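Student: below are the sequence and a predicted model for it; my questions follow.
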Amino acid sequence: MSTPGITPTVVRLKLSLLLGGLRRSAGRRAAYLTSAVVVLLIAALQLIGLIALRGTAHAATIAVLLTAVLALGWAVMPLFFPSGDETLDPSRLVMLPLRPRPLVRALLVASLIGIGPLFTLCLFTGSAISVAHGAAAYATAAVAVVLGLLVCVALARAVAAANSRLLTSRKGRDLAVLSGLVIAVGAQLVNFGAQQLGAAGLSRLDPAADVLRWLPPASAIGAVDSVSRGSYGTAAAQLALSAAAATGLLTLWSRSLTRLMTSPDESTLQAAEPGPRERTSTGLSRLLPPGRTGTAAERSLRYVWRDPKTKAAWVTSLAIGLIVPVFNALQGTGSVYFACFAAGMLGIQMYNQFGQDTSAFWMIATTIASPRDAYAELRGRALALLLITLPYATLVTVVTTALLGAWPRLPEALGLSFALLGAMLATGAWSSARFPYSIPQEGYKNVVPGQAGLAWISIVGGMVAAALLSSPVIAGTIWLNVAPGGRDWAWLLLPAGAGYGTLLTLLGLRLAAPQTARRLPEILAAVSKG
């Protein structure tokens, strides 16, 4: 009796898991379908755009660079989003009697199913068509598209398998924190590069394309261009490089799977070893005020350091808060007031303070017996945020001012930043009590399905309210800049903004404390859904 092959079984397993995940909730189904439509629309537009480049002077340069960037995305995606394709996690198959070679073949076929491979196929197809001229070039393009897609998928799987132990550990989850920083920096670099190219032209990219056309999988597209130019020997060498890369990546993937499925988990062995465990102490509690305020501040700071979701939010806010004003200053289009962006991004961390506690908030709720206890709890959380935000916002403002050479405007920029920060702390404390929502512990989403409306009300509404509360300082800044002789008194905006921000913070905490003490059951129910 013949046994069915493993490849159809793995493919059916992936499809079943994907469909089962979509049936779990309407929110997940809507998010998946929306993302699929958006990605397919972008893929179609890219395909049309690349075909439209056919015959232009820089078509080969753009095609080669696009495929190289796409391959880089496939390589780093498993590191920053290790849970992006849980249905193909080989650690789930460790207990099954499977041999590496059939397993690699089955997982490779299953990896070709999804939105990502379809997007990649469209981009490779458009790139190949844009540089293909003649029957031989089109025949080469058919091989190049298949090779390019195989290299990308094999690259992602080899990276994921080689780092599987790391990516499923706590350190691996912390690695995903860098995704926000990479995306933020990458977006600004792309913007800066696009502006430079707009002034100098695409010819500046030709040297980079000449190098990348020899690196797989961009070498496959380079082979199509070489055939179109009549360089058949060069094309054969470029195709051979892509084929060798695909073979090497599949071999590396197979060896990583063998090691993964036959060797014990070293982290588990280390945890099982007997011996005294060293207790680490940072001495942080000695630097904070005594009582509940210091305890709450220390807990919040430990969340920032240890909790992956909290750390991700902080790293992203710190990066964007610095990148936006600094990059604009470097491009000559910035203003010293852009430094307030740092205070605004970091002030957002005050919103949904209890969501980071998740279901463990019940332990905190049992210790809050009065508005006074709630006030001490909120004051500690605000103190933890200020310990990071105040020096960082000051640093960003000083750096931005130095890059622009606008030192006379430093006091008013700092005053505006402090006033905005105080307003966001006040509205954040109040919205944390009125509009709490749950943060899922797994996956990349920051809001559980069904609570997106609460998140939007909390953050967007709070930011609008903070801007309105800061309007007196904003109005004072405008008046001193337009009134005759007003610039002589602009330095007063620093103490005025700092004092006004402090007053708003204390008032906001006082108003939020009774709400928190009264709505403890509602807050616990809202933050326990993740």
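Tutor: Cool, got the structure.
Student: which SS class is residue 68?
Tutor: helix (DSSP: H, G, I helix; E, B strand; the rest coil).
Student: count the residues that sit near it.
Tutor: Counted with other CB atoms under 10 Å, the neighbours of residue 68 add up to 22. In this view, the C-beta of every residue, glycine as well, is placed from N, C-alpha and C.
Student: next: residue 123.
Tutor: With other CB under 10 Å as criterion, residue 123 counts 25.
Student: test my guess that it contacts residue 46.
Tutor: Yes. Contact status for residue 123 versus residue 46: in contact at 5.7 Å, counting by CB atoms under 8 Å.
Student: state the number of residues packed around residue 368.
Tutor: 19.
Student: state the pLDDT value of the residue lying closest to it once chain neighbours are set aside.
Tutor: The shortest distance from residue 368 to any non-neighbouring residue, by CB to CB, 6 or more residues apart in numbering, is to residue 374 (5.2 Å). Looking at residue 374, its pLDDT stands at 93.
Student: how is the chain divided into domains?
Tutor: Domains of the chain are assigned by automatic domain parsing as 11-264, 289-527.
Student: ranking the ones you listed by burial, who's on top?
Tutor: domain 289-527 (a mean of 19; mean count of other CB atoms under 10 Å).
Student: returning to that earlier point: mind putting the domains of the chain in TSV, distance to residue 5 included?
Tutor: Shown next, in TSV, are the domains of the chain (distance: least, CB to CB, whole Å):
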stretch	distance to residue 5
domain 11-264	8
domain 289-527	32
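Student: comparing these by mean pLDDT, which bottoms out?
Tutor: Among the domains of the chain, domain 11-264 carries the lowest mean pLDDT (a mean of 80).
Student: how far out from the middle of the chain is that domain?
Tutor: 19 Å (CA atoms, centre = their mean, to the nearest Å).
Student: now stretch 333-347
Tutor: For stretch 333-347, the distance to the chain centre is 20 Å (CA atoms, centre = their mean).
Student: can you name the residues in contact with that stretch?
Tutor: 317-318, 320-322, 324-329, 385, 388-389, 392-393, 396-397, 400-401, 403-404, 406, 409-410, 413, 416-418, 420-421, 423-425, 428, 463, 466 (CB atoms under 8 Å, 6 or more residues apart in numbering).
Student: at 6 Å what do you get?
Tutor: Residues from elsewhere that reach stretch 333-347, judged by CB atoms under 6 Å, 6 or more residues apart in numbering: 317, 320-321, 324-325, 328, 389, 393, 396-397, 400-401, 404, 406, 409, 413, 416-417, 420-421, 424.
Student: if I read this right, residue 438 contacts residue 525, doesn't it?
Tutor: No. The criterion here is CB atoms under 6 Å, and residue 438 misses it with residue 525 at 9.3 Å.
Student: in the stretch 101-250 of the chain, which spans are helices?
Tutor: With DSSP state H, counting those that start in this stretch as the criterion, the stretch 101-250 of the chain has helices at 115-131, 135-162, 164-167, 170-175, 178-200, 206-212, 218-228, 232-262.
Student: rebuild the ones you listed as CSV, extending it with distance to residue 348.
Tutor: Converted to CSV, the helices of the stretch 101-250 of the chain look like this (distance: least, CB to CB, whole Å):
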stretch, distance to residue 348
helix 115-131, 30
helix 135-162, 32
helix 164-167, 28
helix 170-175, 21
helix 178-200, 13
helix 206-212, 37
helix 218-228, 39
helix 232-262, 39
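Student: so which elements touch the lengthiest helix in the chain?
Tutor: The helix spanning the most residues in the chain, taking DSSP state H as the definition, is helix 371-404. Here helix 371-404 touches helix 292-306, helix 308-330, helix 340-347, helix 410-434, helix 493-518, going by 3 or more CB pairs under 6 Å, 6 or more residues apart in numbering; DSSP states H and E.
Student: what's the closest of the ones you listed to residue 250?
Tutor: helix 308-330 (31.7 Å; CB to CB).
Student: ok, residue 216 - contacts?
Tutor: By CB under 6 Å, 6+ apart, the neighbours of residue 216 are 151, 241, 242, 245.
Student: noted, bye for now.
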